[in-house]
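Enquirer: predicted model, plus sequence, below.
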There are 2 protein chains.
Amino acid sequence: MTPRTLEKTGSKKSAAARERLASWISSRGLKATRQRDVIVDVFFAQTGHLSVDELLEKAKQRDPTIGAATVYRTMKILADAGLASARHFEGGQTRYEAALDRHHHDHLICTSCGSIIEFENERIEELQETVAEDHGFHVTHHKLELYGLCRHCRVEQASDRR
Amino acid sequence: MTPRTLEKTGSKKSAAARERLASWISSRGLKATRQRDVIVDVFFAQTGHLSVDELLEKAKQRDPTIGAATVYRTMKILADAGLASARHFEGGQTRYEAALDRHHHDHLICTSCGSIIEFENERIEELQETVAEDHGFHVTHHKLELYGLCRHCRVEQASDRR
DNA sequence: CTGAGAATGAGAATCAATTTCAAAATGGCC
DNA sequence: GGCCATTTTGAAATTGATTCTCATTCTCAG
Ligand SMILES: [Mn+2]
Ligand SMILES: [Mn+2]
Ligand SMILES: [Zn+2]
Ligand SMILES: [Zn+2]
């Protein structure tokens, strides 16, 4: 019988997320498992936009027996519970980011180095709403992604050109 | 020897597109083929956002021997030539729309009936640019998609609820 | 008409994600 | 603690869109 010990990494925030998940899980007849604990722990220990592969790698460092299917399944539960949001950026796999206590935001994505910058722009959101209304549309969610070169890669490219 | 006759459907616009494609093709040592003619003809005969599957079906009505790979390849050429743009809406396959003489625009997508409404909003575009600049970003392209219920599906849903 | 090169269609391969299934784990109850 | 219905798991199979491979056919400049 392996002891179920985890140095629950991280802040009060990830502790709060774990609690929310626990009640989500029990409230619908799901079960708490060692694997889910590890995956969730790994997820909240990071910041940023993580792919399932990246999460699997980290999870395996703690428990090499964890399978990819379980990571897919667990992240879906986190998303359903509102604790993670799934992002589908251009061309890649699904990435997840922590969603607890976070505002809605959109992204700038560098097509050269892959870095992702987040932004919120209330005015844009309002205008989107106006556009939708003009067409009798009721918006449930949207996607705004700006692709290009980040400051750093812009400089690099300029010097390459010389 | 099958005669290479095609009732080149459609407007001066699609005729212009076919011409542009012809010069694109010859200018880089590609070759004109019966299959490409059919696919391009089918594409420009429609309006809207067509999936490769839809294009393949229509193309097969004219020439049942046309294969999916050829449709994929041809649409990629059209996109490279700037005559079609590829769109990757939520969850589905790639869709193509005619791009000749069209402004950049974004989309409202009904998650219930799949209908797509196009819009242009100069103010939103400007704000995007501003946001990017604020972060030292140089934007090459972007994606703005508003998902929700169109006017029609909104009404239907309201009556379902009674 | 010829030949070099390009294009084709069928099927195999890829890749992320989902599903299947038999075996293992969980947790409410006694 | 044991019981056991239910859930979960990992591995492997499957899916679905797209791309690739390859042997064969087609195109077009000379
Ligand atoms: Mn984000
Ligand atoms: Mn459009
Ligand atoms: Zn960059
Ligand atoms: Zn609709």
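Expert: Looks like it arrived, so ask away. Numbering: from 1, shown residues only, chains lettered A, B, ... in the order given. Ligands and ions are numbered 1, 2, ... in the order given.
Enquirer: going forward, measure contacts between C-alpha atoms and count neighbours the same way
Expert: OK.
Enquirer: quick check: phi and psi on the most centrally placed residue in chain A?
Expert: Nearest to the geometric centre of chain A sits A:E97, at 1.6 Å (C-alpha atoms, centre = their mean). Backbone torsions of A:E97, given as degrees, to the nearest 10, read phi -130, psi 150.
Enquirer: helices or strands up against the helix or strand where A:I109 lies?
Expert: A:I109 belongs to strand A:106-110 when assigned by DSSP states H and E. Under the contact criterion of 3 or more C-alpha pairs under 8 Å, 6 or more residues apart in numbering or on different chains; DSSP states H and E, strand A:106-110 touches strand A:116-119, strand A:138-149.
Enquirer: okay, the angle between it and strand A:138-149?
Expert: Relative orientation of strand A:106-110 versus strand A:138-149 (axes from the mean of the first three to the mean of the last three C-alpha atoms, to 10 degrees): 20 degrees.
Enquirer: tell me the contacts of A:A132?
Expert: Contacts for A:A132 were tallied using C-alpha atoms under 8 Å, 6 or more residues apart in numbering or on different chains; they are A:H138, A:V139, B:L108, B:L146.
Enquirer: quick one: mean pLDDT for stretch A:55-67?
Expert: When pLDDT is averaged over stretch A:55-67, the result is 98.
Enquirer: do it and DNA strand D meet?
Expert: Yes - on the criterion C-alpha under 7 Å from any atom of the strand, stretch A:55-67 is in touch with DNA strand D at A:T65, A:I66, A:G67.
Enquirer: buried only: go through those for me.
Expert: A:I66 (16 or more other C-alpha atoms under 10 Å in any protein chain shown).
Enquirer: can I get the residues of stretch A:55-67 next to DNA strand D in CSV with secondary structure?
Expert: Shown next, in CSV, are these (DSSP: H, G, I helix; E, B strand; the rest coil):
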residue, secondary structure
A:T65, coil
A:I66, coil
A:G67, coil
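Enquirer: adding distance to ligand 3, write the residues of stretch A:55-67 next to DNA strand D out as TSV.
Expert: Output for the residues of stretch A:55-67 next to DNA strand D, formatted as TSV (distance: C-alpha to the ion, whole Å):
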residue	distance to ligand 3
A:T65	35
A:I66	33
A:G67	32
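Enquirer: could you pull up the mean pLDDT of the longest helix anywhere in chain A?
Expert: As assigned by DSSP state H, the longest helix anywhere in chain A is helix A:12-27. Averaging pLDDT along helix A:12-27 yields 91.
Enquirer: could you tell me how many residues sit around the closest residue to ligand 4 within chain A?
Expert: Distances between chain A and ligand 4 by C-alpha to the ion are smallest at A:F137, namely 8.8 Å. By the criterion of other C-alpha atoms under 10 Å in any protein chain shown, A:F137 has 24 neighbours.
Enquirer: in contact with it, which residues?
Expert: B:L108, B:G148, B:L149, B:C150, B:R151, B:R154.
Enquirer: ok, stretch A:92-108 near DNA strand C or not?
Expert: Yes - using C-alpha under 7 Å from any atom of the strand, stretch A:92-108 reaches DNA strand C at A:G92, A:Q93, A:T94.
Enquirer: low-confidence stretches in chain A?
Expert: Applying pLDDT under 70 to chain A picks out residues A:1-10, A:162.
Enquirer: where does the one residue in it that gets nearest to DNA strand D fall, phi/psi-wise?
Expert: In chain A, no residue comes nearer to DNA strand D than A:I66, which is 2.9 Å away by C-alpha to the nearest atom of the strand. Main-chain torsions, A:I66, degrees, to the nearest 10: phi -60, psi 140.
Enquirer: hang on, it packs against A:K58?
Expert: No - assessed by C-alpha atoms under 8 Å, A:I66 is found out of contact with A:K58, at 10.3 Å.
Enquirer: quick revisit: can I get the helices and strands packed on strand A:106-110 in CSV with mean neighbour count and distance to A:A15?
Expert: Below are the helices and strands packed on strand A:106-110 laid out as CSV (neighbours: other C-alpha atoms under 10 Å in any protein chain shown; distance: least, C-alpha to C-alpha, whole Å):
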stretch, mean neighbour count, distance to A:A15
strand A:116-119, 15, 24
strand A:138-149, 19, 28
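Enquirer: wait, which of those is closest to ligand 3?
Expert: Judged by C-alpha to the ion, the one of those that comes nearest to ligand 3 is strand A:138-149, at 5.3 Å.
Enquirer: and the closest one, anywhere near chain B?
Expert: Yes - counting by C-alpha under 8 Å from any C-alpha of the partner chain, chain B has neighbours in strand A:138-149: A:H138, A:V139, A:T140, A:H141, A:H142, A:K143, A:L144, A:E145, A:L146, A:Y147, A:G148, A:L149.
Enquirer: and the helix or strand harbouring A:Y72, what does it pack against?
Expert: Assigned by DSSP H and E, A:Y72 falls within helix A:68-80. Applying 3+ C-alpha pairs under 8 Å, 6+ apart, one finds that helix A:68-80 contacts helix A:34-45, helix A:52-62, strand A:84-87.
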